[in-house]
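S.K.: mind looking at a prediction? Sequence and model below.
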Protein chains: 2
Amino acid sequence: MPRIPAYVAIAESLRARIESGELKPGDRLPAERELVDDFNVARMTVRHALDTLQMEGLIDRKRGRTGGTFVRSIPPVLDLTRIVGIDRQLREIGLEQTHQVVQSGIVEANHSVSSALSLELGDPVFRTEIVRYIADNPAIVEVFYVAREFESVIEHLDLALIDAFSITMGTTVDRREDLVTPGAATDAERKTLDVPGGTQLLRITRKTFAGEEVIAYSELAIRPDVAQVRVVTHREDETSLQP
Amino acid sequence: MPRIPAYVAIAESLRARIESGELKPGDRLPAERELVDDFNVARMTVRHALDTLQMEGLIDRKRGRTGGTFVRSIPPVLDLTRIVGIDRQLREIGLEQTHQVVQSGIVEANHSVSSALSLELGDPVFRTEIVRYIADNPAIVEVFYVAREFESVIEHLDLALIDAFSITMGTTVDRREDLVTPGAATDAERKTLDVPGGTQLLRITRKTFAGEEVIAYSELAIRPDVAQVRVVTHREDETSLQP
DNA sequence: GAGTGGTCTAGACCACAGC
DNA sequence: CTGTGGTCTAGACCACTCC
């Protein structure tokens, strides 16, 4: 029998109390120093256990006199496979969405951007960084890159990008491709999203197509504690049973 | 000016070396004890920095005489919005996929399962746990639940579920919905996927529909270092510009 | 002020994988 | 055997937030 590390045992014990429903979303777990007494370990070991639960998305932590460690509650769902903007999706379920342009201007294309948009490394591109708030919580950071001549699409950030292109440029967008990966917040995201270091995010890198050409490239980072992501696939999308 | 924690500064420094290309995928970073000397901090602080980079998906760590900390290489892409099975998608890009049924049998529906399949808590359901290997690496754990009478679909695990239902039951599947979240490996997943604790995974909970009825519910956990996930959305899926 | 989580130290020993 | 990462201790002080 392999030995079970203490921090794993502690995490299992707390996870069991959450999954059994003994601790419900919003409930507070014992303070770290209490857990130290309960399990007879050093505080770093308790923190390692809590770190893993936080990475799993089961708990949130707040500091201060009324802070503590809490069971995470279930966030609203955003549909990746709907073309309509986030704004409208949230309004349908009765939530407020606002956004704020953090920065925008011409920058030199880095490697990811230039290869996505078929440019040379260092070519000028128009970059916009947006933070979207759901019910006043910073929820999503979106950085998007377009060729300079498309700059005016940012006048319609409340719309889906697809419609913004159609209105401002007359360009017909017909497809987008999203790569979805998990990953912790970087320091920059940590600041704009106002989360502690190490928070788990859902990352999406998106290519928006007009025909076979990529006309926009964006990177989204979503706080999973304020928005879940859904993907819907219909049978008609593809005939699957051919050899 | 807020003070920058040492572990953040160390992580930033290493991240910069990776993103600049000074360290390429597969390259080895300095050993932890070397970094301790380089940055004049305790080893726990270096490890905290490396933990955050690991959570971001930038590095992998291996122990043993020839182990170390390595820059992660870029994994193949699986398309969530294609109905064809994982098996065929990988064969198209020249990779081997095998799978193994870890366990299967009748269990009592827990809360998630019963509410997804419209059953009562504790009702019997057929549960199958599968591990999928990509190029001999354990890549995906898939647990799926169906009503007992659909049990025979597991005879066709190499096919997409949609076709398995069609062949064995004559049931026409026409839609599926996936919820995508990030989250670290639990202890159970850690064992079956053979990853160290705290590894980031991409989690998908999937409902498979026949008409408005959910006929299968599955939970997938994907190792992002062996498979990336893509979502493709077409314009025709929805008319977006209505008020 | 007081109690919460966040950072950090300077060690120790363990587990693993090649040589 | 040796060098790698993994776990753990028993403290310390900091930063935040409400009272």
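M.R.: Yep, that arrived.

S.K.: not counting sequence-adjacent ones, nearest residue to A:L50?
M.R.: Among residues not flanking A:L50 along the chain, A:T69 sits closest, at 6.1 Å (CB to CB, 6 or more residues apart in numbering or on different chains). From N, CA and C alone the C-beta is placed, and that goes for glycine too.

S.K.: need the contact list for that neighbour.
M.R.: A:R28, A:L29, A:P30, A:A31, A:E32, A:L50, A:I59, A:D60, A:R61 (CB atoms under 8 Å, 6 or more residues apart in numbering or on different chains).

S.K.: now it, which residues is it bridged with?
M.R.: Here A:T69 sits in beta bridges with A:L29, A:R61, going by DSSP bridges.

S.K.: most neighbours of all the contacts of A:T69, which one?
M.R.: The most crowded member of those, judged by other CB atoms under 10 Å in any protein chain shown, is A:I59 (24 neighbours).

S.K.: surely it and A:S73 touch.
M.R.: No: under the criterion of CB atoms under 8 Å, A:I59 makes no contact with A:S73, lying 10.9 Å away.

S.K.: ok, the residue nearest to A:L50 to DNA strand C distance?
M.R.: Going from A:T69 to DNA strand C by CB to the nearest atom of the strand, to the nearest Å gives 4 Å.

S.K.: can I see the domain layout of chain A?
M.R.: A:6-71, A:77-233 (automatic domain parsing).

S.K.: is DNA strand D within reach of the shortest one?
M.R.: Which is domain A:6-71. Yes: judged by CB under 7 Å from any atom of the strand, domain A:6-71 comes into contact with DNA strand D at A:6-8, A:40-45, A:48, A:62-67.

S.K.: put the buried members of the residues you listed into a ChimeraX selection.
M.R.: Listed next is the ChimeraX selection for buried residues among the residues of domain A:6-71 next to DNA strand D, using 16 or more other CB atoms under 10 Å in any protein chain shown:
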select /A:6,7,8,41,45,48
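
S.K.: what's the closest of the residues of domain A:6-71 next to DNA strand D to A:E142?
M.R.: Nearest to A:E142 among the residues of domain A:6-71 next to DNA strand D: A:K62, at 25.8 Å, using CB to CB.

S.K.: and the closest one, what pLDDT?
M.R.: Per-residue confidence (pLDDT) for A:K62: 88.

S.K.: could you do A:L159 as well?
M.R.: 66.

S.K.: with A:S13 instead?
M.R.: We have a pLDDT of 92 for A:S13.

S.K.: again with the one 3 residues further on
M.R.: pLDDT, the model's per-residue confidence, is 90 for A:A16.

S.K.: which element is it on?
M.R.: Secondary structure from DSSP states H and E places A:A16 in helix A:6-19.

S.K.: just checking that helix against chain B, any contact.
M.R.: Yes: with CB under 8 Å from any CB of the partner chain as the measure, helix A:6-19 is seen reaching chain B through A:V8, A:A11, A:E12, A:R15.

S.K.: what is the lowest-mean-pLDDT helix or strand in chain A packed up against?
M.R.: Every helix and strand of chain A was ranked by mean pLDDT, DSSP states H and E. The lowest is helix A:161-169, at a mean of 73. Helix A:161-169 makes packing contacts with strand A:200-210, strand A:213-222 when contacts are defined by 3 or more CB pairs under 8 Å, 6 or more residues apart in numbering or on different chains; DSSP states H and E.

S.K.: reformat those as CSV; add distance to DNA strand D.
M.R.: Below are those laid out as CSV (distance: least, CB to the nearest atom of the strand, whole Å):
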stretch, distance to DNA strand D
strand A:200-210, 18
strand A:213-222, 21
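
S.K.: and of these, who's closest to chain B?
M.R.: Shortest distance between chain B and these, using CB to the nearest CB, is found for strand A:200-210: 4.6 Å.

S.K.: output the closest one as PDB, nothing but the C-alphas.
M.R.: The C-alpha coordinates for strand A:200-210 follow below in PDB (Å, rounded to 0.1, in the frame of the first residue of the first chain):
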ATOM      1  CA  GLN A 200      -8.100  28.500 -11.800                       C
ATOM      2  CA  LEU A 201      -9.300  30.100 -15.100                       C
ATOM      3  CA  LEU A 202     -10.800  28.700 -18.300                       C
ATOM      4  CA  ARG A 203      -8.800  30.000 -21.200                       C
ATOM      5  CA  ILE A 204     -10.100  30.300 -24.700                       C
ATOM      6  CA  THR A 205      -8.100  31.300 -27.800                       C
ATOM      7  CA  ARG A 206     -10.500  32.200 -30.500                       C
ATOM      8  CA  LYS A 207     -10.100  32.600 -34.300                       C
ATOM      9  CA  THR A 208     -12.900  34.400 -36.100                       C
ATOM     10  CA  PHE A 209     -13.200  33.500 -39.800                       C
ATOM     11  CA  ALA A 210     -14.500  35.300 -42.900                       C
END
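
S.K.: partners of that strand in the sheet?
M.R.: Here, using DSSP bridges, strand A:200-210 pairs with strand A:175-184 (antiparallel), strand A:213-222 (antiparallel).

S.K.: the least confident helix or strand of chain A vs strand A:200-210, what angle?
M.R.: 40 degrees (axes from the mean of the first three to the mean of the last three CA atoms, to 10 degrees).

S.K.: from the chain's centre, how far out does helix A:161-169 sit?
M.R.: Offset of helix A:161-169 from its chain centre (CA atoms, centre = their mean, to the nearest Å): 24 Å.

S.K.: I'm done for today, thanks for sticking with me.
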